[in-house]
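S.K.: just coords:
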């Protein structure tokens, strides 16, 4: 019996190749897209879950409270918090701090040969206990205990030494916060990439103490993680953090909080994160898109199958007259569906590896790496196949096998409207999903255009940033003088319009923050100042000219004397409001002071307009710019004449190895680099464009099937209308108006859903567009156009048919 059913199924599928091909391609493409999206979703959901203690690990973060009740949330915290928690609470069983003062990429020198290693951190010994690593050599228990100890990953060890058997060997860092000679104490296997704690080199946190530093409650430039005992309540820890805030940070308007380690990647929106986080909303949205695309394909199969019902009706009637039971007929149709769906699934699995490679490169996720870790793919594939049988095959099998032989053989089946509401409902569902995706594409595109065209308050055109060499300018006067001489030589090159030095450049954010002091206050009227953190940025006097930043009042730094250089500052408009100055002119010459260092006095030299040194996801921050030549050496900004820029950069590049042989020459155009902050949003927009187009195409196939079913069902009506004088255009209008109603209904359902989802997405941006009515109208117009083009094909075909043939068929 099964063999007979199989032969008939194959014969029927091959008989109507157009029907089989459309369904096969629709199902295969949808299944492949669904599997690829679900692999991305799986990768994101499993982020930061590699440690066996992941659910017991927390991170401390800091909230800055301003006078108006608003505040900022920073991932950075004070170095004293970790030891204080560990020593105060039995629930806290371990802790670690990570610190690199924004020097993520460090130059290591061995035998006079430099090499750059990214992901370099100072860490407490607790890091390797909380986040266990696979050690290839060395002792995990003691390798980070002593000052100037170093643990390398396998890739870093091979880069620096050419081998992993290197425990006990020495290597030097020539400058920066990691300056010193280190002894390699361990080598670990390369960590998995699905964590925000990526590293290639770990230096012992004891090195920081050996450099003369102490734990304090003033500066917060590092990250603090702690481990709790299994089942430990979070309440006592939160209470202790509140006590620390009251004891040590009240004057600065700071509060300490804690967040789960596993929530950081998808649910954290703090400033100064170690890496850009993902978005839970995006992941949920993509998961929904994967399911919807699959459902659209399944519903297409239902519509296309029922559209062929007239062709199969006589077959069903004759087989029932010959004695076939309903169960046997249902099994026949189920087998046909199973053959088609299983073939589509095999095609999807064959296309999955190249699709994941492309999708992984596009999204910046190594999706292929985790494909064979467990039986996930087999389980999901079986679930998709089971869903396809239940959703797309069961209904046609039950309906088609239930036709009554007498009605079918008398020709009454063609006039039946049974099942029409369901088929129309499926088309509405398909077009609702497609319309939501189209609206999302329109809104995301407009938001990205807005970000690119928004006035930043500064000019990045033809400005190149050059990273300064890693030398200890604070302690080493010779290195400082050496770099200053080189900068002076560069400023004299033909084509260099202006040159500036700064601790940070646009696109990298502000690395310096008032060390938990709560910012500054207006000395003459301290009650007028709002309690808030003021961000500090070390710059040279030409910084504002190089970036074309407007002064609202006052002017550049007074450099007539050393005392003047250290006592006058420039503030932005946001800082002027925080400090309580009534207007920009009134701020000039007014003294300001640190709350925690009352003996230090500075005077406002100038007020500049707010400008964006960070992306438009963040608001402009109250910032104080001051002149500290030794600290403003992080980056060299060159504004050049466009035609001469390549020659200038080539000359600097050729000279660089002679002057700084241990540091590579790194530069980038700031306008291009600044836009890279929106790379994730641009990729997300492109992904939605792809899937919106895919959903529209697959939904169009379903509409095509429904149009064919409607045209066949109304064959006699169309013939009579043609005999009575109806034109082809009239017939087309008659048949397409119902589909236009479905498209309009889909728009009405999709619009509020899309508005809600996109409003939540736009909330991540400090500067954003407002969703306009025309965006929904444009999406509706696209949906109506697709409906017209799809339905018109079948309608025109029906309208041009010979009415004699259609009436003869009746």
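M.R.: Done, it's in. Note that the structure is a prediction, hence the values are computed from the model and not measured.
S.K.: So which bits of stretch 615-629 are buried?
M.R.: 615-618, 620-628 (16 or more other Cβ atoms under 10 Å). For glycine as for every other residue, the C-beta is placed from the backbone atoms N, C-alpha and C.
S.K.: What of stretch 746-753?
M.R.: Buried residues in stretch 746-753 (16+ other Cβ under 10 Å): 746-747, 749-751.
S.K.: Point out where the stretch 101-250 of the chain drops to low pLDDT.
M.R.: Residues of the stretch 101-250 of the chain meeting the criterion pLDDT under 70: 250.
S.K.: mind redoing it with 50?
M.R.: In the predicted model, the stretch 101-250 of the chain carries no residue with pLDDT under 50.
S.K.: Give me the neighbour count for residue 384.
M.R.: 22 (other Cβ atoms under 10 Å).
S.K.: That one is in contact with residue 344, isn't it?
M.R.: No. Look at residue 384 against residue 344 with Cβ atoms under 8 Å: they stay out of range, at 9.6 Å.
S.K.: Overlap of the contact sets of the two?
M.R.: residue 31 (Cβ atoms under 8 Å, 6 or more residues apart in numbering).
S.K.: Got phi/psi on residue 611?
M.R.: Torsion angles at residue 611 (phi, psi; degrees, to the nearest 10) stand at phi -140, psi 160.
S.K.: Over to residue 153?
M.R.: Per degrees, to the nearest 10, the backbone of residue 153 is at phi -80, psi 170.
S.K.: Now do the SS call for residue 230.
M.R.: Per DSSP: H, G, I helix; E, B strand; the rest coil, the local secondary structure of residue 230 is coil.
S.K.: residues near the residue nearest to it when sequence neighbours are not counted, how many?
M.R.: Leaving aside its sequence neighbours, residue 230 sits nearest to residue 56 (Cβ to Cβ, 6 or more residues apart in numbering; 6.4 Å). Neighbours of residue 56 under the rule other Cβ under 10 Å: 20.
S.K.: what's the residue nearest to residue 275 when sequence neighbours are not counted in contact with, if anything?
M.R.: Spatial nearest neighbour of residue 275, excluding adjacent residues (Cβ to Cβ, 6+ apart): residue 196 at 5.2 Å. Under the criterion of Cβ under 8 Å, 6+ apart, the neighbours of residue 196 are 47-48, 264-265, 273-275, 277.
S.K.: Identify the residues contacting the host helix or strand of residue 86?
M.R.: If you go by DSSP states H and E, residue 86 is part of helix 81-88. The set of residues external to helix 81-88 that reach it, using Cβ under 8 Å, 6+ apart, is 60, 92, 94-97, 124, 215, 224-226, 237, 240-241, 244, 256.
S.K.: What residues sit buried inside it?
M.R.: For helix 81-88, by 16+ other Cβ under 10 Å, it's 81-82, 84-86.
S.K.: Could you single out the nearest of those to residue 539?
M.R.: For these, the minimum distance to residue 539 (Cβ to Cβ) is 30.4 Å, reached by residue 81.
S.K.: thinking again about what came up before, okay if I get the contacts of residue 196 as JSON lines plus neighbour count?
M.R.: As requested, those are exported to JSON lines (neighbours: other Cβ atoms under 10 Å):
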{"residue": "47", "neighbour count": "20"}
{"residue": "48", "neighbour count": "19"}
{"residue": "264", "neighbour count": "26"}
{"residue": "265", "neighbour count": "24"}
{"residue": "273", "neighbour count": "17"}
{"residue": "274", "neighbour count": "18"}
{"residue": "275", "neighbour count": "12"}
{"residue": "277", "neighbour count": "18"}
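S.K.: Quick one: those residues as TSV, columns for secondary structure too.
M.R.: Listed next are those as TSV, based on three-state DSSP:
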residue	secondary structure
47	coil
48	coil
264	helix
265	helix
273	coil
274	coil
275	coil
277	coil
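S.K.: Pick the one among those closest to residue 120.
M.R.: residue 274 (12.4 Å).
S.K.: In three-state terms, how would the closest residue to the closest one other than its chain neighbours be classified?
M.R.: Of all residues not flanking residue 274 in the chain, residue 196 sits nearest, at 5.2 Å (Cβ to Cβ, 6+ apart). Three-state call for residue 196 (three-state DSSP): coil.
S.K.: I'd like to know how far residue 196 sits from residue 110.
M.R.: Distance, residue 196 to residue 110, by Cβ to Cβ, to the nearest Å: 29 Å.
S.K.: go on, residue 685?
M.R.: Taking Cβ to Cβ as the measure, residue 685 falls 45 Å from residue 110.
S.K.: Look at those two and report which has more neighbours.
M.R.: residue 685 (20 against 15).
S.K.: Off-centre distance for the host helix or strand of that one?
M.R.: Using DSSP H and E, residue 685 sits within helix 679-713. How far helix 679-713 lies from its chain's middle: 24 Å, per Cα atoms, centre = their mean, to the nearest Å.
S.K.: Give me the helices and strands touching it, please.
M.R.: Helix 679-713 makes packing contacts with helix 17-45, helix 280-307, helix 309-321, helix 326-363, helix 420-453, helix 728-762, helix 773-799 when contacts are defined by 3 or more Cβ pairs under 8 Å, 6 or more residues apart in numbering; DSSP states H and E.
S.K.: Contacts only, for residue 262.
M.R.: Listed by Cβ under 8 Å, 6+ apart, the contact set of residue 262 reads 47-49, 54-55, 57.
S.K.: Give me the mean pLDDT for stretch 737-750.
M.R.: Taken as a whole, stretch 737-750 has an average pLDDT of 85.
S.K.: In contact with the nearest residue to residue 46 once chain neighbours are set aside, which residues?
M.R.: Spatially, and ignoring its direct neighbours in sequence, residue 46 is nearest to residue 194 (6.1 Å; Cβ to Cβ, 6+ apart). Taking Cβ under 8 Å, 6+ apart, we find residue 194 in contact with 43, 46-50, 370.
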